[in-house]
Every structure is written in structure tokens, then in C-alpha cells.
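A.B. asks: this one's sequence-less:
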């Protein structure tokens, strides 16, 4: 019954390789977000989208890009993965900017 | 920049005890939310508080938003093992800012 799914759930990649994480929603929510969660730092916003092809940067956007060509899909790309990007990545959706978020189950990414 | 400080960072209590966790900031937020996260899963929204001084109850959980809308507290009465998890607060500004969380363990 999940209205939001992330893929893959786990990934190990090598330094310097590109990586794309996918977030898919079935709720038709306007807003989609990508966060990373690290010990001691909590959840930090990477990028967000407020509509198809409308995206903006969060506080930790360096080294990441996003795309949203359809309402239901929001892709996060690491252009050239680095070890500092080893993290758990969460996608979230919301009806409006200050509405409660629904989070996906996360992607655990390890860059070796 | 970490705008929200949560305390305590870790809390381990016996089943049946009461507890309070705090979320503090020097910034004013238009609303504040509390989430609970279990290992291997994403955070799940518990409550949203909007008005300064607002108190919301969700079964054994009581949430309060400070009068100045800079802080909040979560009180759990008669904690149960199922309450174990990471509790996160998030304040709404031009985006949502998350605290680093309080990790709660309830021992049976």
C-alpha cells in the first residue's frame, strides 16, 4: 500500500562512477524531496521539486543533480560518486510546502 | 546549519516509565512536526503543531508547541517497547529543518 517507493534499496558503487536513485509516487503529490541521513547530522535536504521540471537546491546539493520529467518520478544522480556520499538517501513527498511528509524506505548507498 | 537541537540524544528506560524529549531552536517556525523512525525505514509523521501553545494528544503521546513557536516537547506516558525508535522534530521555514533526533529504547 506504499504510495512512495525507492529503488534500489541497497547499492555499492565505486568512486568516480555515476549513480542514479529513483523515487516513484502514486499519490500525485506536487512536492518531492531528496534527503540524506548521516549520524550526527540528521536529515539534510539535497534537492526538491515543486512540479514537473521545477526543481531547486537544498543545503547539501553539491555533487548531486535531479530530474523530474513526470509527476510520479524524481531521480537523484550522483555525477561522480565520492566516499563522502556514502549515506542513506530518503525520498519524501508532500501535498504542499509545509504539509507533512511521507517518506520512502530509503536507499543505502556505499561508495568504495 | 543545524537549527533544531533535540535532547536527550539517547534515552533508555524501563517499560511503564514516563519520558519527555525536547526540540529547541532560536528560530521561529510556522509549524513543527514530529516523526518516528524505525531501523531500516523512513520517518513516519506523528503530528503537526501550528499554533503557539498548542497541545495535541495521540493516545499516550502528548505534543506541545512553545508559545513563541521556537520549541516543542514530546511526552510519552507509560512507555511501551513498541515506542522504541528515533524521534525527529522538523520545523517549517522556507523548507523543513530536521533535528538530529532522540533515540529511545524501551526495555521490557
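C.D. replies: Great, that's in hand. Keep in mind that this is a model prediction, so the values were computed, not measured.

A.B. asks: How about stretch A:26-41 and chain B, any contact?
C.D. replies: Yes - judged by CB under 8 Å from any CB of the partner chain, stretch A:26-41 and chain B are in contact via A:35, A:40, A:41. In short, each C-beta sits where N, CA and C put it, glycine included.

A.B. asks: Pull the number of nearby residues for the second one.
C.D. replies: When counting by other CB atoms under 10 Å in any protein chain shown, one arrives at 7 neighbours for residue A:40.

A.B. asks: What are the buried residues along the lengthiest strand in chain A?
C.D. replies: Ranked by residue count, the top strand of chain A under DSSP state E comes out as strand A:42-51. Buried residues in strand A:42-51, defined by neighbour count with 16 or more other CB atoms under 10 Å in any protein chain shown: A:42, A:43, A:44, A:45, A:46, A:47, A:48, A:49.

A.B. asks: what do you get for stretch B:14-26?
C.D. replies: B:19, B:21, B:22, B:23, B:24, B:25.

A.B. asks: The fourth one contacts residue B:72, correct?
C.D. replies: Yes - between residue B:23 and residue B:72 there is a contact under CB atoms under 8 Å: 4.6 Å.

A.B. asks: May I ask which of the residues of stretch A:26-41 next to chain B comes out lowest in pLDDT?
C.D. replies: Lowest-confidence member of the residues of stretch A:26-41 next to chain B: residue A:40, scoring 79 (pLDDT).

A.B. asks: Find the nearest non-adjacent residue to that one, please.
C.D. replies: Of all residues not flanking residue A:40 in the chain, residue B:100 sits nearest, at 6.6 Å (CB to CB, 6 or more residues apart in numbering or on different chains).

A.B. asks: in which helix or strand would I find that neighbour?
C.D. replies: Secondary structure from DSSP states H and E places residue B:100 outside every helix and strand.

A.B. asks: and it, what is it in contact with?
C.D. replies: A:40, A:41, A:42, B:2, B:4, B:5, B:6, B:9 (CB atoms under 8 Å, 6 or more residues apart in numbering or on different chains).

A.B. asks: wait, residue A:43 sits on residue B:86?
C.D. replies: No - taking contacts as CB under 8 Å, residue A:43 lies outside contact range of residue B:86: 10.4 Å.
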